[in-house]
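Participant: take a look and give me a structure for this.
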Amino acid sequence: MIFDALDFDAHEVLHFGHDAATGLKTIIAIHSTHLGPAAGGCRWWTYASDAEAVTDALRLSRGMSYKNAMAGLPMGGGKGVILKFDAAPKTESLLEAFGRTVDSLGGRYVTAEDVGMSDADMTVIARQTRHVSGLPSAAGAAGGNPGPSTAEGIFVGMRAAIAHALGKRDFAGVRVAIQGLGSVGGALAEKLAVAGAVLTLADIDDARARAYAARLGGTAVPVSQIATTDADVFSPNALGAGLDAETIDGLRVAVVAGAANNQLATPTDGARLHARGILYAPDYVINAGGIINVAAEYLGQGDAASVARAIARIEGRLADIFAVAKAENLPTDAVADSMARKLIGR
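Facilitator: As a prediction, this is how the structure comes out:
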């Protein structure tokens, strides 16, 4: 029964939407509106089953509750997924149908860009609802593609992690293995290269990894090898649930810090990293740059400069989590979860 599922976690709303004319099948999960409307992107993805799509929506939604709370945003947490089918391509009519589904929730959920979606898609969705963010923005304004903002948050958060774990004050000579070179991972790789890091890069598109490596002076390896690369930092920037017992056992790093959502495959994997002495930057804390950006746009509070200042605070927030975890000998994810639950009244 869904109410007894581990990932249900007292969600306020689990909404199933279907539009026969376009073939839209969507799930919107709202975990908490304790702090405000539930904000979280929508992803367009192929799932092996409806049950897998539900689990993904629930886990992502809860993560957004924690992320928004820890980022100090007056917003709750939610997430949308659109099930990807060859018979129902991502047309404007399908996106408009999704917009109507979002609008039917009366503002309890605010959607934005996620995997498989773009700021141009958000513009189409916005024809049917005002409860959307991440729209193309003018120069100097908040909003637009959240990828660069997420990458900036990962960069400053990783800086806190190497300071704590390696005693390093900058990235000169720090070896970083990056998994995934999309809008976030690619932007992160560029920032790290400028900062002097030594990069090992992998992407599901091998040609993309080779191109980035050639341009940035890094090394490209197959995706199957990136998690076992001998490095200082492993940075997962692809899909979630990649850190499981097998992956963690094969890691050869001191730090895990990346943008992927729900990086821990099970609730015990944070403890596994802790037991191995690997410092983990909780995903929903370090990857909050994107939601900070789109929240500023939606709420009409601040410009690009104020967003940059808010993203910079991720570094100190992680430093505080690392300090508590060290003092109390606890996994960092457990410390962050406890902080986040208190903030949302759980």
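
Participant: quick one, domains of the chain?
Facilitator: 2-125, 147-343 (automatic domain parsing).

Participant: mind putting these into a markdown table with distance to residue 133?
Facilitator: C-beta: built from backbone N, CA, C; applies to glycine. Below are the domains of the chain laid out as a markdown table (distance: least, C-beta to C-beta, whole Å):
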| stretch | distance to residue 133 |
| --- | --- |
| domain 2-125 | 5 |
| domain 147-343 | 4 |
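
Participant: in stretch 123-141, what's buried?
Facilitator: For stretch 123-141, burial by neighbour count (16 or more other C-beta atoms under 10 Å) applies to 124-126, 128-129, 131-135, 137.

Participant: could I get the full set of helices for this structure?
Facilitator: Here the chain has its helices, by DSSP state H, at 50-70, 92-103, 119-125, 147-166, 183-194, 206-216, 223-226, 245-250, 269-275, 283-286, 289-299, 304-328, 332-343.

Participant: and the fourth one, which residues are buried?
Facilitator: Just to be clear, that refers to helix 147-166. In helix 147-166, counting by 16+ other C-beta under 10 Å, buried: 147-165.

Participant: which helices and strands sit right next to it?
Facilitator: Judged by 3 or more C-beta pairs under 8 Å, 6 or more residues apart in numbering; DSSP states H and E, the packing partners of helix 147-166 are helix 183-194, strand 233-236, strand 255-256, strand 279-280, helix 283-286, helix 289-299, helix 304-328.

Participant: burial count for the residue nearest to residue 13 when sequence neighbours are not counted?
Facilitator: Distances taken as C-beta to C-beta, 6 or more residues apart in numbering put residue 30 closest to residue 13, at 3.9 Å, once the chain neighbours are dropped. By other C-beta atoms under 10 Å, the residues close to residue 30 number 25.

Participant: beta partners for residue 30?
Facilitator: In this entry, residue 30 is beta-bridged to residue 13, residue 78, by DSSP bridges.

Participant: does it touch residue 76 like I think?
Facilitator: Yes: Residue 30 is in contact with residue 76 according to C-beta atoms under 8 Å; the separation is 7.2 Å.

Participant: residues shared between the contacts of those two?
Facilitator: Here residue 30 and residue 76 have residue 38 as joint contacts, going by C-beta atoms under 8 Å, 6 or more residues apart in numbering.

Participant: mind checking how far residue 33 is from residue 107?
Facilitator: For residue 33, the distance to residue 107 equals 10 Å [C-beta to C-beta, to the nearest Å].

Participant: the more surrounded of those two?
Facilitator: Each of residue 33 and residue 107 has its neighbours counted (other C-beta under 10 Å); residue 33 has more, 20 against 13.

Participant: quick one: contacts for residue 227?
Facilitator: Contacts of residue 227 by C-beta under 8 Å, 6+ apart are 177, 179, 234, 236, 242, 247, 250-251.

Participant: could you redo the last one with a cut-off of 10 Å?
Facilitator: By C-beta atoms under 10 Å, 6 or more residues apart in numbering, residue 227 lies in contact with 177, 179, 202, 234, 236, 242-243, 246-248, 250-253, 256.

Participant: would you list the phi and psi of it?
Facilitator: Residue 227 adopts backbone torsions of phi -70, psi -10, taken as degrees, to the nearest 10.

Participant: residue 197 is in contact with residue 172, correct?
Facilitator: Yes: Residue 172 lies in contact with residue 197 (C-beta atoms under 10 Å); the separation is 7.8 Å.

Participant: more neighbours: the two, which one.
Facilitator: A side-by-side neighbour count of residue 172 and residue 197, using other C-beta under 10 Å, places residue 197 first with 26 against 10.

Participant: what about the more buried one, distance to residue 156?
Facilitator: Distance from residue 197 to residue 156, by C-beta to C-beta: 14 Å.

Participant: need the residues touching each of the two.
Facilitator: Common neighbours of residue 197 and residue 156 (C-beta under 10 Å, 6+ apart) are residue 191.

Participant: hang on, residue 178 packs against residue 202?
Facilitator: Yes: counting by C-beta under 10 Å, residue 178 does reach residue 202; the two are 7.2 Å apart.

Participant: who's more crowded, these two?
Facilitator: residue 178 (32 against 27).

Participant: surely residue 245 meets residue 276?
Facilitator: No: using C-beta under 10 Å, residue 245 makes no contact with residue 276, being 11.0 Å away.

Participant: okay, residue 304: pLDDT?
Facilitator: pLDDT, the model's per-residue confidence, is 87 for residue 304.

Participant: tell me the pLDDT of residue 147.
Facilitator: 89.

Participant: residues touching the residue nearest the centre of the chain, list them.
Facilitator: Nearest to the geometric centre of the chain sits residue 261, at 4.1 Å (C-alpha atoms, centre = their mean). Residues in contact with residue 261, defined by C-beta under 10 Å, 6+ apart, are 40-41, 43, 56, 59-60, 63-64, 67, 79, 114-115, 236, 239-241, 283-284, 287.

Participant: can you tell me the closest non-neighbouring residue to it?
Facilitator: Of all residues not flanking residue 261 in the chain, residue 240 sits nearest, at 4.9 Å (C-beta to C-beta, 6+ apart).

Participant: and the residue nearest to the centre of the chain, how far from residue 2?
Facilitator: According to C-beta to C-beta, residue 261 stands 21 Å off from residue 2.
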